[in-house]
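In: predicted structure and sequence below. I'll ask about it afterward.
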Amino acid sequence: MILSAKNLVTRVGKDLGLSEDDIEYLLKIDKEHVFEIDLGNGRTHKAYRVQHNNLRGPYKGGIRLHPAVDLDEVRALSILMTLKTAAIGLPLGGGKGGVAIDPRDLSEEDLERLSRAYVEHMHPHIGPDTDIPAPDVNTNAKIIDWMVEEYENITGDNSKASFTGKSIENGGSLGREAATGRGGMLALAEYLRLVGKDPKELTIAVQGVGNVGFFFTKYAQEELGSRVVAISDSQRTLLVKDFQNNKTFLSVEGFDKSKRGLIDDLADEHVEFLDRDAILNQPVDVLVLAALGDVVVKDNAFDIKASIILELANGPVDDFAFKALKDDKVIIPDIIANSGGVIVSYLEWLQNRAGEKWSAQEVDENLKIYMSKAVRSMYDYAKQKDIPLKEAALALAITRLLESRKS
């Protein structure tokens, strides 16, 4: 993933005529924190926080708990986070954190100890004006609440602005849980509006039924009227049979969001279970990638049949696949498409700093404003320069970062 991130920045930077110094600056990481968390009984786990760039504002980025977390992944995601906040136009920088662990293997007591130990190590390097972590893969409001409490106990800061993604009763924002999925729906809706396509005519496949995939599916069907006809979890794909002639769609009631999976008793005369990767080669209009990174790669890039790919995960289409697909597919890039979470995180931070509590409607309206503006800017730039949307979004982000460097 780090190679894909660097290749993208380097290629777009060269297309923009940047100097080697400018490209090196864009890739340079400010700080890396690598440490171990000891849970006792010989259980130690590598932990990370990479702070890439804070030129436009405090570092911002999630903390993920996953066995595959390593320094290269966190580095890449921190770079993408900097580009994301710049592409959207938020006054924030980019960072990322993680622990190499499967939280499903932990008791709740151990999970709390892990969360607090992370903050105990990182507290001198984070805070409301320095670095504002948030939830990511396998982290949630409960974990963030533990982290906020630990930060308050150590530092005395009670603004609640040290982290975002908190529970509502602990200073969190309404709309945060659904923000990334809803933001992806808004990004797709704005793109379809710009190209004059009716979302009611589209079929959609969603890879990943966790929080993001769940809420994207919910709003795509409820507000856009699109039909989600295939969805997958880590084990299998659920597909509507003969969906091009069959008007059946998959209701979100069929997804067990709490377990991040599909419930068992769904197959009937209209739908069937297939293998996990069957989701990728369905002849749908839109393929939504809402799981992990590097899903579409050299081995399967040419199997993709959808004409539009919406990147709701971080880096789900690797650099090889992007180059292979960019002339035939529309790829709505992650740094715009999955930015709903960081937008509402920013709105949460603003509320905390001001001691305010906004209504769900206010949050949704602000999310739509930021998302629609970002998609329009990306689309207009891509059309003007005759380049793919991903390269347009990166070019806008890079230009804004270098403008901030000069100011």
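Out: Cool, got the structure.
In: next structured bit after the lengthiest helix in the chain?
Out: The residue-count maximum for a helix in the chain (DSSP state H) belongs to helix 360-385. The first helix or strand that comes after helix 360-385 along the chain, using DSSP states H and E, is helix 389-406.
In: name the element the closest residue to residue 173 other than its chain neighbours belongs to?
Out: Leaving aside its sequence neighbours, residue 173 sits nearest to residue 348 (Cβ to Cβ, 6 or more residues apart in numbering; 3.7 Å). For glycine as for every other residue, the C-beta is placed from the backbone atoms N, C-alpha and C. Element membership for residue 348 (DSSP H and E) is helix 340-354.
In: same check on residue 331?
Out: With DSSP H and E as the criterion, residue 331 is inside strand 330-332.
In: could you report the neighbour count for residue 368?
Out: 17 (other Cβ atoms under 10 Å).
In: wait, what's in contact with it?
Out: residue 186 (Cβ atoms under 8 Å, 6 or more residues apart in numbering).
In: from here on, count from 58
Out: Yes, from this point I'll number from 58; that puts the last item at residue 425.
In: ok, now how distant is it from residue 269?
Out: 17 Å (Cβ to Cβ, to the nearest Å).
In: and for residue 167?
Out: Taking Cβ to Cβ, one finds residue 167 at 26 Å from residue 269.
In: compare these two and say which is more crowded by neighbours.
Out: residue 269 (27 against 15).
In: domain parsing for this protein?
Out: Taking automatic domain parsing as the reference, the chain has its domains at 84-227, 236-394.
In: can you count the residues close to the closest residue to residue 303 other than its chain neighbours?
Out: Excluding its sequence neighbours, the residue lying closest to residue 303 (Cβ to Cβ, 6+ apart) is residue 297, at 5.9 Å. Residue 297 is flanked by 22 other residues according to other Cβ under 10 Å.
In: so how far is the longest helix of the chain from its chain's centroid?
Out: Relative to its parent chain, helix 417-442 has a centroid offset of 16 Å by Cα atoms, centre = their mean, to the nearest Å.
In: quick one: buried residues of it?
Out: By neighbour count on 16 or more other Cβ atoms under 10 Å, the buried set for helix 417-442 is 419-421, 423-425, 427-429, 431-432, 434-436, 438-439.
In: name the SS class of residue 201, please.
Out: Three-state call for residue 201 (DSSP: H, G, I helix; E, B strand; the rest coil): helix.
In: quick one: end-to-end distance for stretch 342-359.
Out: Counting by Cα to Cα, to the nearest Å, you get 16 Å between the two ends of stretch 342-359.
In: now do the helices in the stretch 108-257 of the chain.
Out: Using DSSP state H, counting those that start in this stretch, the helices of the stretch 108-257 of the chain run over residues 128-145, 165-179, 198-212, 236-252.
In: give me the residues contacting the third one.
Out: What it means is helix 198-212. 120, 122, 168-169, 172-173, 175-177, 180, 183-184, 190-192, 214-215, 217, 219-224, 227-229, 233-234.
In: taking helix 165-179 as reference, get the angle to that helix.
Out: Calculated by axes from the mean of the first three to the mean of the last three Cα atoms, to 10 degrees, helix 198-212 forms an angle of 40 degrees with helix 165-179.
In: list the buried residues for helix 198-212?
Out: Here helix 198-212 shows 198-205, 207-208 as buried, counting by 16+ other Cβ under 10 Å.
In: and for the longest one?
Out: The neighbour-count check on helix 128-145 (16+ other Cβ under 10 Å) flags 130-145 as buried.
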